[in-house]
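Chemist: Provided below are the primary sequence and the corresponding predicted coordinates.
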Amino acid sequence: MSNTDDILFDRRGSAGVVTLNRPKALNAITHQMVRALAAQLDAWARDNAVTRVLVTANGDRAFSAGGDIRALYELITAGRQNEALSFFREEYILNTAIKRYPKPYVSLIDGIVMGGGVGISIHGSHRVAGERYAFAMPEVGIGFFPDVGGTYALPRLAGEIGTYLALTGDRLKAADAVLSGAATHHVKSHRFPALLEALCGSDPVNAILADFMEQVGPGEVMPRRRAIDRTFSWDSVGAILAALEREAQKSADHSEWSAKTAQTIRTKSPTSLVLALAQMRYGRVHSFEACMAAEFRIVSRIVYGSEMVEGVRAVIVDKDNAPRWSPDSLAAVPDDLVARHFARLPGDELELT
């Protein structure tokens, strides 16, 4: 079976097994990996001997911490936006193929799962969270936006949890992931090898997972669900910040959390915050395919702007963690920003057949 160094494919019993294999890079998703995975999933979809696909990762820190952001930064700063957009186009088509996949698609996640790693897992039928599971969509902190189907998936988490995650970049651990819907099952980390072996057999996937799954506790984020729903239900970032301030004043239980959350949001790119909230509201009422098309429209504008370049410089390249956002305040974000980013492209739309 054809492999690359960065992503490995294997047939084990009735399963097609995918192994992300860039542990030193936290299994960040490259263009080559996107292409290899898309081709292999297509082949397995047509292979009657393969009854399920299992996605795993090497290394004990991350399932996948996202896309290869540094590589995209280098393309954009070199003026090679078309190449960057080729990556996003193929990645979004892959996300759609996973969403539509005709067989059980099981991701075994025992570590960090962010960005592009979310894109190759959350749209599948089963997401198993180990004890080291940590889910986040932190893109607003680098001048980007929660893409790879985040427009569709995040609004479908419990209540306003998805909006909260999109605007803060906060993490969900295993319990919160199961309770919110980001994960479907929790299994203890030491049982992952036995689970993988069992899933390669012929017993139904749901029955196997039911045998291995553990009950989860209350979590850390979900106990604040009511406060999150109250404060993140507004349709402007400014109104959400105001609601957090009110929450801090009226509720001793949530005052520290509300103040810290508002402070966190204020460190993010104002442009990204406005776009991310617009995504959350758009995704509530649109199909998966419409959401992916909208994301490609947004990214087709983002790659020609300055926010992502500045955010990646500050967080990943220079690591000074002092991005200089432009505009630097919510009040200075143009009124037509969302309309411009969501507008149809002049002939280069994402085609999802």
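Modeler: Looks like it came in fine.
Chemist: Please count neighbours and contacts with C-alpha atoms only from this point.
Modeler: Will do.
Chemist: that's a strand at Leu54, yeah?
Modeler: Yes. Under DSSP: H, G, I helix; E, B strand; the rest coil, Leu54 falls within a strand.
Chemist: okay, it: pLDDT?
Modeler: The model reports Leu54 with a pLDDT of 99.
Chemist: ditto for the one 4 residues further on
Modeler: Confidence per residue is given as pLDDT, and for Asn58 that number is 98.
Chemist: so how far is Asp10 from it?
Modeler: According to C-alpha to C-alpha, to the nearest Å, Asn58 stands 14 Å off from Asp10.
Chemist: which one of the two has more residues nearby?
Modeler: For Asn58 versus Asp10, neighbours defined as other C-alpha atoms under 10 Å are more numerous around Asn58 (17 against 14).
Chemist: Can you verify my assumption that the more buried one contacts Leu20?
Modeler: Yes. Counting by C-alpha atoms under 8 Å, Leu20 is a contact partner of Asn58 at 6.1 Å.
Chemist: Find the residues that touch each one of the two.
Modeler: Common contact partners of Asn58 and Leu20 (C-alpha atoms under 8 Å, 6 or more residues apart in numbering): Asn27.
Chemist: quick one, what contacts Leu311?
Modeler: Wrong residue type there; residue 311 is Gly, not Leu. For Gly311, the contacting residues are 141-144, 323-325, by C-alpha under 8 Å, 6+ apart.
Chemist: Tell me which two of the residues you listed sit farthest apart.
Modeler: With C-alpha to C-alpha as the measure, no two of those lie farther apart than Phe144 and Arg324, at 13.9 Å.
Chemist: What residues does Cys92 make contact with?
Modeler: Not quite, residue 92 is Tyr, not Cys. So Tyr92 contacts 148-149, 292, 296 (C-alpha under 8 Å, 6+ apart).
Chemist: How about Leu345?
Modeler: Leu345 neighbours (C-alpha under 8 Å, 6+ apart): Arg297.
Chemist: how close does it sit to Asp42?
Modeler: Applying C-alpha to C-alpha, the value for Leu345 to Asp42 is 28 Å.
Chemist: Same check on Lys268?
Modeler: From Lys268 across to Asp42, the span is 38 Å (C-alpha to C-alpha).
Chemist: of those two, who's got more company?
Modeler: Neighbour comparison, Lys268 and Asp42: the larger count goes to Lys268, with 25 against 13 (by other C-alpha under 10 Å).
Chemist: Nearest residue to the more buried one in space, please, no chain neighbours.
Modeler: The shortest distance from Lys268 to any residue other than its chain neighbours is 4.9 Å, reached at Gly141 (C-alpha to C-alpha, 6 or more residues apart in numbering).
Chemist: Need phi/psi at that neighbour.
Modeler: Dihedral pair for Gly141: phi -80, psi -10, per degrees, to the nearest 10.
Chemist: same thing with Asp253?
Modeler: Main-chain dihedrals, Asp253, degrees, to the nearest 10: phi -60, psi -30.
Chemist: ok, now Asp10?
Modeler: Taking degrees, to the nearest 10, you get phi -150, psi 150 for the backbone angles of Asp10.
Chemist: before we move on, what about Arg12?
Modeler: According to degrees, to the nearest 10, Arg12 has phi -130, psi 110.
Chemist: Return the residues in contact with the residue nearest to Lys268.
Modeler: Contacts here follow C-alpha under 8 Å, 6+ apart; on that basis Gly141 touches 169, 267-269, 311.
Chemist: just checking, which of those belong to helices?
Modeler: Gly311 (DSSP state H).
Chemist: any chance of the contacts of Gly141 in JSON lines, plus distance to Ala136 and pLDDT?
Modeler: What follows is those, written out as JSON lines (distance: C-alpha to C-alpha, whole Å; pLDDT from 0 to 100):
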{"residue": "Gly169", "distance to Ala136": "6", "pLDDT": "98"}
{"residue": "Thr267", "distance to Ala136": "17", "pLDDT": "97"}
{"residue": "Lys268", "distance to Ala136": "15", "pLDDT": "98"}
{"residue": "Ser269", "distance to Ala136": "17", "pLDDT": "98"}
{"residue": "Gly311", "distance to Ala136": "17", "pLDDT": "98"}
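Chemist: now, which of the contacts of Gly141 sits nearest Arg89?
Modeler: Comparing the contacts of Gly141 against Arg89 with C-alpha to C-alpha places Gly311 closest, at 21.7 Å.
Chemist: what ranges of the protein fall below the confidence cut-off?
Modeler: For the chain, residues meeting the criterion pLDDT under 70 lie at 1-3.
Chemist: Now for it: which helix has the highest residue count?
Modeler: Longest helix in the chain, counting by DSSP H: helix 81-99.
Chemist: Looking at this structure, name the residue that lies furthest from the middle.
Modeler: Ranked by distance from the centre of the chain (C-alpha atoms, centre = their mean), the top residue is Lys250, with 33.1 Å.
Chemist: if I read this right, Thr163 contacts Tyr152, doesn't it?
Modeler: No. Using C-alpha under 8 Å, Thr163 is not in contact with Tyr152, being 11.4 Å away.
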